[in-house]
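> Take this sequence and fold it.
(2 chains)
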There are 2 protein chains.
Amino acid sequence: MGGSFALALKRAGLVKRVVGYSKSPSTTERARQMGVIDVEAPSALLAVSGADIVLLAVPVSATEASFKAIRHLITPTTLVMDVGSTKHDVVDAARRTLRDKLGCFVPAHPITGKEVSGVEHADAGLYTGKQVILTPIERTFTAQLQQASTVWTALGCHVVQMSPQAHDAAYAAVSHLPHLLAFALMSGIAGQPQGKEFMSLAGPGFRDFTRIAASDPKMWRDILIANREYLLEQSKIFQQTLQSLEKLIASGDGDALEAQIAQASQSRAKWRVASPKSHE
Amino acid sequence: MGGSFALALKRAGLVKRVVGYSKSPSTTERARQMGVIDVEAPSALLAVSGADIVLLAVPVSATEASFKAIRHLITPTTLVMDVGSTKHDVVDAARRTLRDKLGCFVPAHPITGKEVSGVEHADAGLYTGKQVILTPIERTFTAQLQQASTVWTALGCHVVQMSPQAHDAAYAAVSHLPHLLAFALMSGIAGQPQGKEFMSLAGPGFRDFTRIAASDPKMWRDILIANREYLLEQSKIFQQTLQSLEKLIASGDGDALEAQIAQASQSRAKWRVASPKSHE
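Just a heads-up that it's a prediction; the model follows:
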């Protein structure tokens, strides 16, 4: 996510110089060799020194430590953003650590991504035509919020603003729960004696349904735990719906089953992934 | 599926004349206008008259009535196939209806499809590079089984043989359960007051995960009920796995959660949709 942001900013001509920092020096070196960053910083703090825009692209559980590491070199005009998939925990971490710099932080969640991570998959077009959710709080500076909106818009994104809570409630339903279900399905099949044989027979429906199950375990462990309240609530609604469908299947009630599938099918057929164009 | 089979046979030069029948005359007329079929038959029985190959492409619950309608004009050398997603119910229907013609029937399940149905979506390339499962029984004629294998292979398919039971057990896990879960997810979200708002925020992960939820309700009602025993068994395993993941999330056990996600993620990352090439 960080590498793609750097490439997209460069392509849009919005930045002169990108400074990169990673805990693993080999990552930063590769990023420089690939032209994703111009300079390798020896520490997170020094990466922030003199920066206009700071983007944290770390697992959400690492946000607090990252804020602590950089806060001393954040100035009143620095724009600090993250790209985390959960927002209330990130906002809580900012409140605990950033103090008088809290206003510089604009929580951001670009609705995109790949099931593969790492700078070698950085892609200048990753954000084009995608939604970015900004979840400012009451103490966010208007200047930084405006700048964040301008930057993402310049990258071809459709910017949506909402509260951290509204964000987390929505993404529990449409992202975190689907990931949890995909992990559970893969895990449940792989755990069966015939699991491998079953999977060798699977087709394109299985491929698409389980694509998100290949996502990064550390990142998703954090997201599922960080948003556990909304997630478990959504999982409960899901299981109630599943069990009501199971009852219709067990009893062979074809008419009622068809009616409920038809409702699901129509909801899905009408749905289109949001993009700047579809909002015009 | 029927229209795509006709187009694929024509493209491969395997047939001279395709006769089509549908309960709805407008479908057959459109198929003829599109060049998918050459002749419209006035009845299912007359469509079979003089045919070398008969393909039934009907919802699995309509298989028995279709067999009854055509059995009098099946000859000992006719190859009869279906394309149903469940096999033991189709085989049972054949046993009940085809009598001395039972050996002509080779149950087939091409692992492909679109979430849209109808002759207007017929596609000559639909089967290229896909798996086709044949589930012969003890009374299937070897001549027809060989011919079925030859025809699908000529269309670029990888042919796999197994028992109807083994087929239904496997597809309960890797196809029918994923469909059921996708229907339940869409239905559960659509039923919430904020469902529409949530869906407007969803991204590419949701798009792929729920693609199969747009499938045809009548066809899937039949499949889920026809394969209910294996399906409910797989759904039980799935829910047990989901609940064990929920426990780790609720207790915040990050290490155990990450380990289980990693296992799911690795299984999925290693998996590739089977194709003739990948079997070479």
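
> Quick check: which ranges of the stretch 151-280 of chain A have low pLDDT?
For the stretch 151-280 of chain A, residues meeting the criterion pLDDT under 70 lie at A:274-280.

> which residues in it form strands?
A:158-161 (DSSP state E, counting those that start in this stretch).

> Please, where are all the helices along chain A?
In chain A, the helices defined using DSSP state H lie at A:2-11, A:25-33, A:44-48, A:63-70, A:88-97, A:142-154, A:164-171, A:177-190, A:195-200, A:204-210, A:217-226, A:228-251, A:254-270.

> quick one, what contacts the spatially most central residue of chain A?
The centroid of chain A falls nearest to A:Ser85 when counting by C-alpha atoms, centre = their mean (3.6 Å). A:Ser85 sits next to A:60, A:109, A:171, A:175-176, A:219, A:223 when contact means C-beta atoms under 8 Å, 6 or more residues apart in numbering or on different chains. Bear in mind the C-beta positions are built from the backbone N, C-alpha and C, glycine included.

> now, of the helices of chain A, which is deepest in the fold?
Of all the helices of chain A, helix A:177-190 has the most neighbours on average by mean count of other C-beta atoms under 10 Å in any protein chain shown, namely a mean of 26.

> tell me the contacts of the nearest residue to A:Ala122 once chain neighbours are set aside?
Closest residue to A:Ala122 apart from its sequence neighbours, by C-beta to C-beta, 6 or more residues apart in numbering or on different chains: A:Gly3 at 3.0 Å. Contacts of A:Gly3 were listed using C-beta under 8 Å, 6+ apart, and they are A:31, A:34, A:36-37, A:57, A:119, A:121-122.

> Which of those residues ranks first by neighbour count?
A:Ile37 (27 neighbours; other C-beta atoms under 10 Å in any protein chain shown).

> Contact partners for the closest residue to that residue other than its chain neighbours?
Once flanking residues are discounted, A:Ile37 sits nearest to A:Gly20: 3.4 Å by C-beta to C-beta, 6+ apart. By C-beta under 8 Å, 6+ apart, the contact list for A:Gly20 reads A:2, A:6, A:28, A:31-32, A:36-37, A:39-41, A:47.

> from those residues, which is closest to A:Leu248?
Of all the contacts of A:Gly20, A:Leu248 sits closest to A:Gly2, with 46.7 Å by C-beta to C-beta.

> Please read off the pLDDT at the closest one from the model.
Note for A:Gly2: predicted pLDDT of 91.

> wait, doesn't it sit right on A:Val54?
No: the pair A:Gly2 / A:Val54 is not scored as a contact, 10.6 Å apart, by C-beta atoms under 8 Å.

> can you count the residues close to A:Gly125?
For A:Gly125, using other C-beta under 10 Å, the count is 14.

> what's the spacing between the nearest residue to it once chain neighbours are set aside and A:Gln146?
By the measure of C-beta to C-beta, 6+ apart, the closest residue to A:Gly125 outside its immediate chain neighbours is A:Ala8, 7.4 Å from it. The gap separating A:Ala8 from A:Gln146 is 19 Å, by C-beta to C-beta, to the nearest Å.

> Please apply the same query to A:Ile225.
33 Å.

> tell me the contacts of the residue in the stretch 1-150 of chain A that chain B sits nearest to?
Nearest residue of the stretch 1-150 of chain A to chain B: A:Ile111, at 3.7 Å (C-beta to the nearest C-beta). Contacts for A:Ile111 (C-beta under 8 Å, 6+ apart) come out as A:130-133, A:274, B:201-204.

> In a markdown table, list those residues along with distance to B:Arg71.
Listed next are the contacts of A:Ile111 as a markdown table, based on distance: C-beta to C-beta, whole Å:
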| residue | distance to B:Arg71 |
| --- | --- |
| A:Lys130 | 56 |
| A:Gln131 | 56 |
| A:Val132 | 61 |
| A:Ile133 | 60 |
| A:Ala274 | 52 |
| B:Leu201 | 54 |
| B:Ala202 | 48 |
| B:Gly203 | 51 |
| B:Pro204 | 48 |
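
> Return the closest of these with respect to B:Pro76.
Using C-beta to C-beta, the contacts of A:Ile111 come closest to B:Pro76 at B:Pro204, 52.5 Å.

> how deep is A:Val273 tucked in, by neighbour count?
A:Val273, neighbours per other C-beta under 10 Å, totals 18.

> Might one say that it is in contact with B:Ala202?
Yes: contact criterion C-beta under 8 Å: A:Val273 and B:Ala202 qualify, at 6.9 Å.

> And the closest residue to A:Arg211 other than its chain neighbours, how close does it get to A:Ala214?
Leaving aside its chain neighbours, A:Arg211 sits nearest to B:Asp208 (5.0 Å; criterion: C-beta to C-beta, 6+ apart). Taking C-beta to C-beta as the measure, B:Asp208 falls 11 Å from A:Ala214.

> Quick one: residues contacting the residue nearest to A:Met199 when sequence neighbours are not counted.
Residue nearest to A:Met199 in three dimensions, not counting chain neighbours: B:Trp271, with 5.6 Å by C-beta to C-beta, 6+ apart. Listed by C-beta under 8 Å, 6+ apart, the contact set of B:Trp271 reads A:199, A:202, A:210.
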